[in-house]
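S.K.: Pasted the sequence and its predicted model underneath.
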Amino acid sequence: MDLLSSSSLLSSPITLAVTLSIASYFLIPILLGARRQNWKNAPPGPVGLPIFGSLFHLSQRFHEEFCELAKIYGPLFSLNLGLKPAIVVSSPEMAMEVMKEKEGMFSSRTITEAIRVISYDAHSIIFSPYGPRWKALRRILISELFSPKAFEQFEPLRTKQVHSLLKYLYHSKWNTQINIAEAAFTALANLVSNIVCSKNLFDNSKPEGRKMKEMFWELIKVMGTPNFSDLIPVVKPLDTQGLKRRISRVFNQLDTFYEKLIEEKLAERAGKAEKLENVANNFGKMDMLDVLLSFKSNDKENGLEEFPRKIIKGMLSKLVQELDQVIGNNRFMVESDIPNLPYLQATVKEVFRLHPAVPLIIPRRSNEACEVAGYNIPKHCIVYVNVWGMARDPKVWDHPLEFKPERFLDSTVDIKGQDFNLLPFGTGRRSCVGWPLAHRMVHYYLAALLHAFEWESPPEILNDMHERVGLSIQKDKSLLSTPKPRLLPSVYEYN
Ligand code: HEM
């Protein structure tokens with residue numbers, strides 16, 4: 001890849017001018033072939049240019065390029081990204097060493113400029129450094145939202161959301177193409193926003209709801225774009241890609257929105273005599289925002305490739321057969337059907353394997369200088385774990401590029417973080433806190449939509465598996481499909 005074609009990082013004339021002037025400073029050594037070793041006793045890896053490191057070898061699709069580099073340099077390789085040292089982990093064994101055996105060393109996150117802005121200086125749980133504040137936040141989330149008891153208490157709310165979606169599709173969108181990812185995103189986002197603040201924040205029928213969605217998509221895009229300023233801090237004030245401007249704009253909009261939400265909640269709370277302390281037991285009376293506003297701490301430190309149509313059809317017909325056998329055609333699916341649907345479970349695992357939503361996990365960072373596999377890892381080294389790459393490695397999976405749910409039918413491999421060849425939600429103390437909800441809802445939406453409707457999509461959309469990259473990856477061409485009801489009409493009318 002040449003310098004300019006890799007130029008998602010070099011998008012304006014100013015950028016180019018600044019880059020060329022910095023580059024000219026180093027031109028002589030570069031022309032003379034002087035290159036910089038990554039660092040002493042570094043894992044093998046491409047040796048980059050002074051200042052820029054390997055930046056010009058990479059586009060925005062890091063996970064794909066890291067996969068190619070792992071074929072040359074092995075399961076643990078190093079590189080410099082601008083001035084920042086980075087390592088890339090690409091095998092289950094290495095992932096186990098980094099994320100389990102040496103977990104304490106790699107339990108913080110890499111903080112970019114965009115993350116710093118949007119997470120109020122890394123104060124959110126996802127980006128908070130490992131320490132007392134992160135522990136407190138994680139404890140609240142797990143006890144209030146994701147404890148087994150809390151999880152059961154929210155079951156009626158989840159069922160209501162899914163069944164409302166099915167009825168909405170039956171009544172308003174029959175024979176019209178719908179964007180499935182968009183519909184599922186909206187339903188899940190509204191589910192979470194109901195738990196957090198008792199509101200459908202992503203309501204498509206209202207301008208604020210549509211605005212909210214726009215802000216989130218912009219966030220995902222900006223946060224997933226590698227930023228020159230993070231990697232070569234000297235160019236930071238120039239904001240050469242305009243990312244700081246974009247993230248600041250979204251941040252200001254979100255901040256104003258959050259302020260209003262908190263003010264409204266405080267006013268509502270002031271008018272209530274009853275003081276409640278737990279969301280799950282008091283759903284409808286209390287939400288997550290109540291819990292956070294009530295929280296008092298004594299701790300001062302709290303501070304694929306092609307995916308042919310026939311494979312999809314074959315897989316879908318098995319899935320639909322299973323759904324019909326287990327559920328029948330006279331009721332909607334409910335969550336308690338999931339344990340009786342082994343092919344569904346295997347299909348979801350295969351989706352998480354081959355199309356992990358977060359292909360490089362959320363990058364970690366070394367707290368201290370340490371050793372991995374006998375190599376030196378410097379302090380504050382960026383750590384990528386390429387779960388996308390592992391899914392495509394024939395040393396890890398037989399016929400890795402085939403979408404084959406059957407591989408999981410007689411297997412104990414699960415997504416819970418114990419099996420280092422399948423880590424869609426990460427593992428260990430920084431693993432995804434929302435996995436029980438996400439895991440359950442992916443099964444539920446997929447099965448409920450396939451059971452209640454037959455779906456038809458234009459082949460050009462179905463066969464095009466290009467991915468759009470951001471903090472998470474999505475199908476580039478959204479799956480537009482036309483639903484045709486397949487259950488008894490009374491199910492949609494009266495459920
Ligand atoms: C299919 C959906 C999802 C996927 C694939 C996913 C994946 C991930 C991954 C890979 C991580 C980093 C794990 C690590 O570093 O080991 C993560 C962290 C996190 N996820 Fe998720 N996630 C999903 C949905 C959710 C939902 C629905 C929520 C909350 C409602 C959530 C909340 C979080 C939080 C708070 C963290 C940070 C945890 C920490 O740093 O302590 N996620 N997620």
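M.R.: Arrived safely, thanks for sending. Everything numeric here is computed off the predicted structure, so don't read it as measured data.
S.K.: Contacts for stretch 85-97, please.
M.R.: 38-39, 42-43, 45, 66-67, 69-70, 74-80, 98, 372-373, 377-378, 380-386, 389-390, 393, 395-396, 419-421, 423, 427 (Cβ atoms under 8 Å, 6 or more residues apart in numbering). C-beta coordinates here come from the backbone N, C-alpha and C atoms, glycine included.
S.K.: Mind giving me the ChimeraX command for buried ones among those?
M.R.: Here is the ChimeraX selection string for the buried members of those, based on 16 or more other Cβ atoms under 10 Å:
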select :38,39,42,43,45,66,67,69,70,74,75,76,77,78,79,80,98,372,377,378,381,382,383,384,385,386,389,390,393,396,420,421,423,427
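S.K.: Okay, and the residue in the stretch 101-250 of the chain positioned nearest to the ligand sits in which element?
M.R.: In the stretch 101-250 of the chain, the residue that lies nearest the ligand is residue 126 (4.0 Å; Cβ to the nearest ligand atom). Assigned by DSSP states H and E, residue 126 belongs to no helix or strand.
S.K.: Tell me how many other residues crowd it.
M.R.: 15 (other Cβ atoms under 10 Å).
S.K.: same question, residue 107
M.R.: Neighbours around residue 107, by other Cβ under 10 Å: 19.
S.K.: Excluding chain neighbours, what is closest to it?
M.R.: Nearest residue to residue 107 in three dimensions, chain neighbours excluded: residue 130, at 4.1 Å (Cβ to Cβ, 6 or more residues apart in numbering).
S.K.: looking at it, that neighbour is touching residue 428, isn't it?
M.R.: No: counting by Cβ atoms under 8 Å, no contact exists between residue 130 and residue 428, whose distance comes to 10.7 Å.
S.K.: can you list residues touching both of these two?
M.R.: Common neighbours of residue 130 and residue 428 (Cβ under 8 Å, 6+ apart) are residue 107.
S.K.: out of the two, which sits in the busier spot?
M.R.: Neighbour totals were compared for residue 130 and residue 428, and residue 130 leads with 18 against 15 (other Cβ under 10 Å).
S.K.: List the contacts of the more buried one.
M.R.: 107-108, 367, 429-430 are the contacts of residue 130 under Cβ under 8 Å, 6+ apart.
S.K.: Please apply the same query to residue 191.
M.R.: Counted by Cβ under 8 Å, 6+ apart, residue 191 has contacts 157-158, 161, 437, 441.
S.K.: at 7 Å what do you get?
M.R.: 157-158, 161 (Cβ atoms under 7 Å, 6 or more residues apart in numbering).
S.K.: can you list the residues of the stretch 301-450 of the chain near the ligand?
M.R.: Residues of the stretch 301-450 of the chain lying close to the ligand by Cβ under 6 Å from any ligand atom are 357-358, 361-362, 424-427, 430-434, 437-438, 442.
S.K.: Then the stretch 101-250 of the chain?
M.R.: Residues of the stretch 101-250 of the chain lying close to the ligand (Cβ under 6 Å from any ligand atom) are 125-126, 138, 192.
S.K.: filter these to the buried ones?
M.R.: Using 16+ other Cβ under 10 Å as the burial test, these include 125, 138, 192 as buried.
S.K.: Columns distance to residue 324 and pLDDT on top of these, output as JSON lines?
M.R.: Shown next, in JSON lines, are these (distance: Cβ to Cβ, whole Å; pLDDT from 0 to 100):
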{"residue": "125", "distance to residue 324": "41", "pLDDT": "83"}
{"residue": "138", "distance to residue 324": "41", "pLDDT": "89"}
{"residue": "192", "distance to residue 324": "31", "pLDDT": "82"}
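S.K.: Any chance of CSV for those, columns distance to residue 212?
M.R.: As requested, those are exported to CSV (distance: Cβ to Cβ, whole Å):
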residue, distance to residue 212
125, 20
138, 25
192, 12
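S.K.: just the residues you listed now: which is nearest residue 62?
M.R.: The closest of those to residue 62 turns out to be residue 125 (Cβ to Cβ; 23.9 Å).
S.K.: Helix or strand: which one has the residue nearest to the closest one when sequence neighbours are not counted?
M.R.: Closest residue in space to residue 125, ignoring its immediate chain neighbours: residue 137 at 4.1 Å, by Cβ to Cβ, 6+ apart. Using DSSP H and E, residue 137 maps to helix 132-144.
S.K.: on that earlier part again, look up the closest residue to the residue of the stretch 101-250 of the chain closest to the ligand, ignoring the ones flanking it.
M.R.: residue 362 (6.5 Å).
S.K.: Between the two ends of stretch 422-431, how far is it?
M.R.: 13 Å (Cα to Cα, to the nearest Å).
S.K.: Same question for stretch 382-390.
M.R.: First residue to last in stretch 382-390 (Cα to Cα) measures 19 Å.
S.K.: List the contacts of it.
M.R.: 63, 66-67, 70, 81, 84, 86-92, 95, 98-99, 106, 110, 356, 359-361, 363-366, 396, 421, 423-424.
S.K.: So which residues of the chain form strands?
M.R.: 76-81, 84-89, 108-109, 178-179, 364-365, 370-372, 375-377, 382-385, 453-456, 467-468, 474-475, 480-485 (DSSP state E).
S.K.: out of the ones you listed, nearest to residue 249?
M.R.: strand 467-468 (20.9 Å).
S.K.: what about that closest one, average pLDDT?
M.R.: Model confidence over strand 467-468, given as mean pLDDT, is 76.
S.K.: so what secondary structure elements neighbour that strand?
M.R.: Applying 3 or more Cβ pairs under 7 Å, 6 or more residues apart in numbering; DSSP states H and E, one finds that strand 467-468 contacts strand 474-475.
S.K.: partners of the strand it packs on in the sheet?
M.R.: strand 467-468 (antiparallel) (DSSP bridges).
S.K.: what about residue 101, how many neighbours?
M.R.: So residue 101, with other Cβ under 10 Å, has 10 neighbours.
S.K.: residues touching the closest residue to residue 427 other than its chain neighbours, list them.
M.R.: Closest residue to residue 427 apart from its sequence neighbours, by Cβ to Cβ, 6+ apart: residue 417 at 3.5 Å. Neighbouring residues of residue 417 by Cβ under 7 Å, 6+ apart: 423, 425-428, 431.
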